[in-house]
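Trainee: Quick one, structure for this:
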Amino acid sequence: MQVVSGPFGRQKVHYEAPPADRLLVEVERFLAWLNADSGEPSLIKAGLGHLWFVTLHPFDDGNGRIARAIGDLLLARADGSPQRFYSLSAQIQRERKDYYDILERTQKGTLDVTAWLLWFSESLQRAVDQAQLTLDAVLLKTRYWQRWATLPLNERQVKVLNRLLDGFDGKLTNSKWAAIAKCSPDTALRDINDLLARGVLSKTGAGGRSTSYELADG
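Mentor: Sure thing, here's the model as predicted:
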């Protein structure tokens, strides 16, 4: 099996897997190691397991997905918990280019996998950091809506407030409110003024056309 890219006739070979007549023996060795107490620290074993399987490359397609699943399996064993709140697979998907680069360098290099394990562990840390950011955002949103649970709001107001809580890019103006809520500028202004009066929103900017709005503090 070969991993190639580029148009037909000008393909670039990124990696060539072990030949078919060796594959059965190599896979059996891998599975024996995978399911044994082989002595490596758990996180190191997760990185090695991912790399080993994707290097064997036994299938026409799906090797990367299975390798990520193997890595996640070994991380779950390392955590000693059936539940995990981070996803290394998702992090690798977010960093696909860097992942393929380090994978190709490792597979074409010597048997030294230090650089791969370093990248794997750093990617794992970024996955945990991303999970923490997501959790913080969920908790912030939950606390916000608990605070205003008794406030009567229409669907437009709920929709735009959720956009602000999710991280609105730029400044929220009357025209942007109207675009998000799919309403007229006059309706948008009534929604905004209602929230200003209730202390949900506050004004920013110099006034007039420059007026924008943000979630009120406190």
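
Trainee: Which positions in the helix or strand residue 142 falls within come out as buried?
Mentor: In this assignment (DSSP states H and E), residue 142 forms part of helix 114-147. Of all the residues in helix 114-147, those buried under the rule 16 or more other C-beta atoms under 10 Å are 116-117, 119-120, 123-124, 127-128, 131, 144. The C-beta positions use only the backbone N, C-alpha and C, and glycine is treated the same way.

Trainee: For it, give the mean pLDDT please.
Mentor: Here helix 114-147 scores 93 as its mean pLDDT.

Trainee: Quick one: list the elements packing against that helix.
Mentor: Using 3 or more C-beta pairs under 8 Å, 6 or more residues apart in numbering; DSSP states H and E, the elements in contact with helix 114-147 are helix 42-56, helix 88-94, helix 96-108, helix 155-165.

Trainee: Domain parsing of this protein, as residue ranges.
Mentor: 2-135, 155-215 (automatic domain parsing).

Trainee: circling back: turn the buried residues of helix 114-147 into a markdown table, including distance to residue 185.
Mentor: Shown next, in a markdown table, are those (distance: C-beta to C-beta, whole Å):
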| residue | distance to residue 185 |
| --- | --- |
| 116 | 56 |
| 117 | 57 |
| 119 | 51 |
| 120 | 52 |
| 123 | 46 |
| 124 | 48 |
| 127 | 43 |
| 128 | 44 |
| 131 | 40 |
| 144 | 26 |
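
Trainee: circling back to that earlier point, how much distance is there from the helix holding residue 142 to the middle of the chain?
Mentor: 9 Å (C-alpha atoms, centre = their mean, to the nearest Å).
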